[in-house]
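In: next input, structure requested:
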Amino acid sequence: MRPIGFSTGALALGDFRRALQMLSGRRVQAVELSALRFPEVSALIEEIPSLDLTQFRFVSLHAPSQFDSGVEAALCRQMALAADRGWPVILHPDAISDFGPWRELGAAVCIENMDKRKPMGRTVAELDRIFGELPDATFCFDIGHARQFDSTMTEAWAILCHFGSKLRQVHVSEVNTRSKHDPLSFASIHAFREVAHLIPVEVPLILEAQIAETEIDAEIDRAREALPDLPNAIAA
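Out: Modelled structure (predicted):
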């Protein structure tokens with residue numbers, strides 16, 4: 001069965017401890033610790049040693065979605081503490097000013113494809129340029145971003161075929177026209193099933209819908225319907 005879990009930022013923006021409490025004892029095996037805003041990074045990094053993460057088979061860390069170039073090298077050093085634990089560091093390509101410090105993190109850097117607002121990282125060609133700068137980086141496929149950019153799922157199919165060997169985790173939500181992360185709808189579930197066979201069954205799903213605690217189990221069910229454990233899913 002596909003490992004599944006949530007981004008802490010989706011459940012409790014800026015309060016990773018609260019999000020972890022919400023997930024405690026539930027049928028989740030994966031978690032993404034989120035520091036989407038730069039001021040959140042230090043507190044999260046400092047508290048990692050004290051967090052009880054034994055419930056999770058997979059842990060990742062989402063770097064800030066934007067930051068000043070003057071703090072980039074220091075941020076990379078902070079992210080290295082997560083990399084040393086074997087956790088992928090999810091990174092938006094448009095946030096990068098200097099590829100050098102990120103290149104030093106090697107395969108720990110996990111590049112995410114972007115939504116239609118962004119000037120890069122949305123297509124195979126744009127992602128190719130990023131991976132040309134970070135050849136050892138892995139890939140976080142945001143299926144909601146891909147569908148928002150191309151509702152036919154043609155680009156999603158091309159991205160998975162091209163970068164499938166780098167795939168480390170999948171972000172799952174419905175991304176609306178304002179680029180907000182909503183719960184999965186019938187339409188998004190149907191669209192996601194078109195490429196489910198291209199996602200290896202061992203790759204974890206990280207849910208990003210901004211939902212109430214009472215909706216956690218229902219969103220997990222919707223995600224499993226959208227990306228079922230198919231017998232013909234490709235091997236990693």
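In: which one in the protein is furthest away from the centre?
Out: residue 70 (25.0 Å; Cα atoms, centre = their mean).
In: does that one count as helix, strand or coil?
Out: helix (DSSP: H, G, I helix; E, B strand; the rest coil).
In: so it versus residue 197, what's the distance?
Out: Going from residue 70 to residue 197 by Cβ to Cβ, to the nearest Å gives 44 Å. Where C-beta positions appear, they are placed from N, C-alpha and C, glycine not excepted.
In: what do you get for residue 137?
Out: For residue 137, the distance to residue 197 - Cβ to Cβ - is 25 Å.
In: grab the most central residue of this structure for me.
Out: Most central in the chain (Cα atoms, centre = their mean) works out to residue 171, at 4.4 Å.
In: using PDB, write down the CA coordinates of the helix or strand containing that one.
Out: Using DSSP states H and E, residue 171 sits within strand 167-172. Below are the C-alpha coordinates for strand 167-172, written out as PDB (Å, rounded to 0.1, in the frame of the first residue of the first chain):
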ATOM      1  CA  LEU A 167      10.600  10.600  -8.100                       C
ATOM      2  CA  ARG A 168      10.800  10.800  -4.300                       C
ATOM      3  CA  GLN A 169       7.400  11.900  -3.200                       C
ATOM      4  CA  VAL A 170       4.100  13.200  -4.600                       C
ATOM      5  CA  HIS A 171       2.100  16.200  -3.400                       C
ATOM      6  CA  VAL A 172      -1.600  15.600  -3.700                       C
END
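In: direction included, what does the helix or strand following that strand pair up with?
Out: Next helix or strand after strand 167-172 toward the C-terminus (DSSP H and E): strand 174-175. As defined by DSSP bridges, the strand partners of strand 174-175 come to strand 181-182 (antiparallel).
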